[in-house]
Each structure stands twice: as C-alpha cells, then as structure tokens.
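Asker: 3D, please:
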Amino acid sequence: MTRRRALACVLLLVTAGCAGLGGTAADVTVENAQATEYRMTAYLIEEPVGAGNVTFRATNETGARTTVERLRFETDGPYYNASLSAEWNATERRLVVSPGQTRTATFDAWEPGTAVVYVFEAPDGRVVRTSFADCPRDSLSHTFVFSDGPENGYRSTCS
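Answerer: Next up is the predicted model:
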C-alpha cells in the first residue's frame, strides 16, 4: 500500500468515526483513477431548494456568460467555468483531485435535509458532471468515482 493510500484510508476512517459520534456532517469523497485532473466545487445551499431549481452562471461554447439550470449541463452545452447564481446563499468547498488521488471535503455545519450540489470540471473548465443530493437523516456521505472500470459513478449514504 502506498503512503498516499494509507493516509487516505486513515483520513476516511477518522472522518467516518467523527460522523458516527452523532454530529451532523456531510462528507464528499472523490476517487480519481483516470489520467486527468478534476476540480470539484460542492455548494451547501442554505435554504430549501429542489434539484430543478438550482441555477448557475456559466460560459457557453461561443464564449457568452449565461444562466444555466443544473439539469441543462447534462443535455445542452458544453459549458465552462460554472458558478452558483447569486440568488443562492451557499457554503462552498473546493477540491482539486489529481490523477490517482482520493480527496475528501467535509461540511461540519450541515443540517439534515439541506441540499448539496456538486459540479465537476476538467482542467479546461468544462463541466463534466453535476449532482444534487440531500438527506433527511443525521449524516450524509457521498463518493464520486472517476474510473474507466465498472466502479465509475456515484455512491451516497444517509445515516
């Protein structure tokens, strides 16, 4: 086991142990087995919101800055350099996940039912994945996997 993997395992165990003590927390882990870097921005939105209501400011392929609904990232585009629209109050966590790296970000003040929106960008700023999540229970754990294998995708746990 490499030193980096061992450290990642220790961090995950410590984070899981803290969540198990009954405090409210939201953790997001990104596992990157691909050869490219990914930038993740997680937005903890401070007021009730549905998945279809979240809007972003992003640059389209002609270079114009426009308002985009989160779901349109998947169907329209490509879009670049996304940021949450100004009407949303949100706490942000940013991670840069290099090839072969696993990183975790934690929202210590997360409240059950509060939405978290994730935006992943390639090094050129192109939005490659978005996700919306909430959990009515005491803790939320999300893992995103960038891989060419069958484990590629997304896992979430509410506890």
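Asker: Not counting its neighbours along the chain, what's nearest the residue nearest the centre of the chain?
Answerer: Nearest to the geometric centre of the chain sits Y118, at 3.3 Å (CA atoms, centre = their mean). Excluding the flanking residues, the one nearest Y118 by CB to CB, 6 or more residues apart in numbering is S131, at 4.5 Å. (C-beta placed from N, C-alpha, C; glycine too.)
Asker: same deal with M40?
Answerer: Leaving out its chain neighbours, the residue that sits closest to M40 by CB to CB, 6+ apart is L95, at 4.7 Å.
Asker: That neighbour: what secondary structure?
Answerer: Three-state assignment for L95 (DSSP: H, G, I helix; E, B strand; the rest coil): strand.
Asker: doesn't the residue nearest to Y118 fall inside a strand?
Answerer: Yes. Counting by three-state DSSP, S131 is located in a strand.
Asker: Isn't it up against G153?
Answerer: No. Applying CB atoms under 8 Å, one finds S131 not in contact with G153, separated by 10.2 Å.
Asker: So for the two, which residue has more residues nearby?
Answerer: Under the criterion of other CB atoms under 10 Å, the comparison of S131 against G153 puts S131 first, with 17 against 11.
Asker: could you pull out the strands for this structure?
Answerer: Secondary structure of the chain by DSSP state E: the strands cover 25-32, 38-45, 55-60, 65-69, 79-84, 90-97, 102-107, 116-121, 127-133, 139-146, 153-158.
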